[in-house]
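Novice: What follows is a protein structure lacking sequence information:
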């Protein structure tokens, strides 16, 4: 074993713990992502029962690559405040979006998109836009200044709806691993947001899970 291996392991564990702690601390006090509807779909908080479907979708859209372990734990602990899912009429996860706070985001007062995707069979119905819209409404209501994202230049399916919502490209860079051109985009809710959804009625609250043994037995 290399002399540097234990030090590398400790560093990885420390960074993972810092990521989780940073996000839990920032999201403390956030309300749950509200329930919204679009074209027969439900857009809502990513609760624990939705996590497996969201992670499966992530892997499917990343050629089998899974979300890293620290973020899997983060969304298990705070997915209802940092994640959005789109559910079809059967309650299956057909779209998902993960959000979090990097050190840059904390400094600039924004939240960052780790992933946003829609199952190919459900694309072309506005779900990509609605996932972002739901997140923007949620984070704005919880005092976040704006939203940031990193999108590959050739990922038109993500880039176009982001630009329509008012995102602006502030950085262009070459990904050190893939070599592809990527954009770093931001959208400040008060200055950039190009949508009238902020004027819509207050979203209906999502039904809460039963909390007592009697209530659980009453659920079919």
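Specialist: Arrived safely. Just so you know, these numbers come straight off a predicted model, no measurement behind them. Residues are numbered from 1 along each chain as shown.
Novice: CA only for contacts and neighbour counts going forward, please
Specialist: Noted.
Novice: What ranges does this protein have for its helices?
Specialist: 5-27, 48-61, 69-82, 103-108, 127-141, 156-164, 213-218 (DSSP state H).
Novice: Which one, of those, ends up nearest to residue 93?
Specialist: helix 48-61 (5.5 Å; CA to CA).
Novice: Take the helices of the chain and write them to JSON lines, including mean neighbour count, distance to residue 90 and mean pLDDT.
Specialist: Output for the helices of the chain, formatted as JSON lines (neighbours: other CA atoms under 10 Å; distance: least, CA to CA, whole Å; pLDDT from 0 to 100):
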{"stretch": "helix 5-27", "mean neighbour count": "14", "distance to residue 90": "30", "mean pLDDT": "89"}
{"stretch": "helix 48-61", "mean neighbour count": "18", "distance to residue 90": "13", "mean pLDDT": "97"}
{"stretch": "helix 69-82", "mean neighbour count": "20", "distance to residue 90": "20", "mean pLDDT": "96"}
{"stretch": "helix 103-108", "mean neighbour count": "13", "distance to residue 90": "36", "mean pLDDT": "94"}
{"stretch": "helix 127-141", "mean neighbour count": "21", "distance to residue 90": "16", "mean pLDDT": "92"}
{"stretch": "helix 156-164", "mean neighbour count": "16", "distance to residue 90": "25", "mean pLDDT": "83"}
{"stretch": "helix 213-218", "mean neighbour count": "9", "distance to residue 90": "21", "mean pLDDT": "39"}
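Novice: Go through those helices and name the closest to residue 36.
Specialist: Closest to residue 36 of the helices of the chain, according to CA to CA: helix 127-141, at 7.4 Å.
Novice: The closest one packs against which elements?
Specialist: strand 36-38, strand 41-45, strand 83-87, strand 93-100, strand 110-118, strand 146-152, helix 156-164 (3 or more CA pairs under 8 Å, 6 or more residues apart in numbering; DSSP states H and E).
Novice: In terms of secondary structure, what does the shortest one contact?
Specialist: I take that to be strand 36-38. Counting contacts by 3+ CA pairs under 8 Å, 6+ apart, strand 36-38 packs against strand 41-45, helix 127-141.
Novice: and if you look at the last one?
Specialist: Helix 156-164 sits against helix 127-141, strand 146-152, with contacts defined as 3+ CA pairs under 8 Å, 6+ apart.
Novice: so which of these gets nearest residue 67?
Specialist: Across these, residue 67 has its closest neighbour in strand 146-152 (16.2 Å, CA to CA).
Novice: Next one: residue 159 relative to residue 168, how far apart?
Specialist: Distance, residue 159 to residue 168, using CA to CA, to the nearest Å: 10 Å.
Novice: before we move on, the earlier item: need the helices and strands packed on helix 127-141 in CSV (columns: distance to residue 188).
Specialist: Formatted as CSV, the helices and strands packed on helix 127-141 follow (distance: least, CA to CA, whole Å):
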stretch, distance to residue 188
strand 36-38, 22
strand 41-45, 22
strand 83-87, 19
strand 93-100, 16
strand 110-118, 8
strand 146-152, 4
helix 156-164, 12
